[in-house]
Structures are given as C-alpha cells and as structure tokens.
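In: model this:
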Amino acid sequence: MTASEPLVCPRCATTHALDERFCPDCGMPLVYAGTTGVDQPVTAAHARARKVKRQYLDGELVRVAVAQHQAEAEMIQGLLLEEGVASMTRRARGFDVPDMLAAGPRDVLVPEGGAAAAREILLAADVTTGDQGRGPIDAPWRIAAGLALAILVVALVLWVGTILTT
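Out: Coordinates of the predicted model:
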C-alpha cells in the first residue's frame with residue numbers, strides 16, 4: 001500500500017483525492033484503492049473511527065459534561081461513541097495532581113457540530129452535563145460569602161450574649 005494510490009469509498013466505490021478523509025456522498029471513511037480491508041487487522045482505533053459520524057466533526061471543542069473521575073469520563077465517551085459522536089477528555093481546571101492520575105474531575109469535550117446531539121444523548125442516558133449545577137471547584141465569591149455569613153452569625157451570637165448578661 002503506497003500513498004500514491006487513489007482513495008476509494010468502500011460503500012459506493014467512487015475514487016477521491018488523497019486529501020479527502022470521508023466520502024462526500026455517503027460519509028464512509030475512505031480506504032486506499034486495491035485494498036479490501038479483509039487482509040488487514042481491525043485495530044481498536046480503526047473500529048472507533050468507523051463509528052464516528054462525519055456531520056458531528058465540525059467546529060471547535062466544547063464541554064458537554066463533567067465526570068467525577070477518569071472511569072466515569074470513559075463511560076460517557078463510550079455512550080457518545082455508540083451514537084457516532086467523537087469526544088475527548090481533559091482534566092478539569094484547577095485539578096492537577098500528578099500522583100493520582102486517574103483521580104479528579106474530567107471535562108468531556110466534543111466538536112461544536114456534535115454538541116447538541118451529545119447533550120441529547122447524555123440527557124436520554126440520564127447523565128448530568130457540565131453545564132448544569134456548579135463545576136468541580138467552588139467559585140471564590142461563594143467561599144467569601146459563606147465566610148462572611150459565618151462571621152455575621154458568630155457576631156450576632158456574641159452580641160445577644162452580652163445583652164443577656166448585662
């Protein structure tokens with residue numbers, strides 16, 4: 001198999017230029033002409049690439065879910081892949097502990113073209129998305145507001161105590 005061979009669609013058998021990846025007619029991944037694919041072993045990466053739908057690959061990466069740890073992120077990725085949506089994970093901002101590589105929250109990202117479909121898939125599977133509720137780390141203003149409220153309660157208790165004792 002050489003790079004000079006033309007690419008062909010395995011479904012509709014039309015030839016395409018070498019810079020194409022998918023058939024514009026049917027959306028199948030292109031293969032080199034002259035290869036049937038029967039003699040080549042199917043790797044896990046090849047099997048995953050065949051599941052991805054072309055219409056979901058356009059645009060920048062956007063966050064569609066937040067997983068609590070790596071295993072949950074991989075489960076969400078599997079759900080999305082079964083419906084043809086490509087995804088990737090990254091560690092959530094503010095959580096980078098090299099000693100515990102699988103621990104900590106993960107952001108699940110998909111291309112903008114597949115974001116709506118991904119959110120529908122996750123909603124149907126009853127998976128909480130990252131856009132709902134607060135993220136893995138509290139905002140600083142929430143912490144400051146809680147601290148101010150605690151100080152106010154302590155001051156009120158001390159004030160009431162001094163009034164009752166006099």
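In: Could you give the secondary structure assignment for the most centrally placed residue in the chain?
Out: Compute the mean C-alpha point of the chain, and by C-alpha atoms, centre = their mean the closest residue is residue 108, 2.1 Å away. Secondary structure for residue 108, judged by DSSP: H, G, I helix; E, B strand; the rest coil, is strand.
In: which residues touch it?
Out: Contacts for residue 108 (C-beta atoms under 8 Å, 6 or more residues apart in numbering) come out as 63-67, 73, 76-77, 80, 87-89, 130. Just so you know, the C-beta spots here come from the backbone N, C-alpha and C atoms, and that holds for glycine as well.
In: Filter those residues down to just the ones in strands.
Out: Per DSSP state E, strands hold the following members of the contacts of residue 108: 63-67, 88-89.
In: nearest to residue 48, of the residues you listed?
Out: Ranked by distance to residue 48 (C-beta to C-beta), the ones in strands among the contacts of residue 108 are led by residue 88 at 11.7 Å.
In: State the distance from the closest one to residue 162.
Out: Residue 88 sits at a distance of 59 Å from residue 162 (criterion: C-beta to C-beta, to the nearest Å).
In: swap in residue 82?
Out: Residue 82 sits 66 Å away from residue 162, taking C-beta to C-beta as the criterion.
In: Identify the residue nearest residue 108 in space, chain neighbours excluded?
Out: residue 65 (4.2 Å; C-beta to C-beta, 6 or more residues apart in numbering).
In: Do you have the strands of the chain handy? List them.
Out: Under DSSP E, the chain gives strands at 7-8, 15-16, 31-32, 61-67, 88-91, 106-111.
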